[in-house]
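J.: The following block contains a protein sequence and its predicted model.
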Amino acid sequence: MKFNVLVTHKLLPEAMAYLQSHVDLELCPEKNAPTKQDIIQKIRDKDGLLCLLTDEIDREIIAAASKNLVQGLRGERPDNLVT
């Protein structure tokens, strides 16, 4: 069984290929950064979230996940981590 992961932004082709071989992923549309409501709508059935440090992930987004969510950030931004 593969985990379901939401990816907020397209990554390097090698990274996307690696992820696709290990998890079922859904990529947010590329034309604009996903809004908070976009993420909340898509996160409901996901096991994981891979986002950029430009994405503001807060308690409301984490609470919208129907499962125990694993969050991974590409980069580090201390004011953007939910504990």
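T.: Alright, I've got the coordinates.

J.: Ile57 contacts Cys51, doesn't it?
T.: Yes - contact status for Ile57 versus Cys51: in contact at 5.8 Å, counting by C-beta atoms under 8 Å. Bear in mind the C-beta positions are built from the backbone N, C-alpha and C, glycine included.

J.: Distance from the chain centre to the helix or strand hosting Ala63, please.
T.: Using DSSP states H and E, Ala63 falls within helix 59-64. Remark: helix 59-64 is offset 12 Å from the chain centroid, using C-alpha atoms, centre = their mean, to the nearest Å.

J.: How much space separates Leu49 from Glu26?
T.: For Leu49, the distance to Glu26 (C-beta to C-beta, to the nearest Å) stands at 10 Å.

J.: joint contacts of these two?
T.: Val5, Leu6 (C-beta atoms under 8 Å, 6 or more residues apart in numbering).
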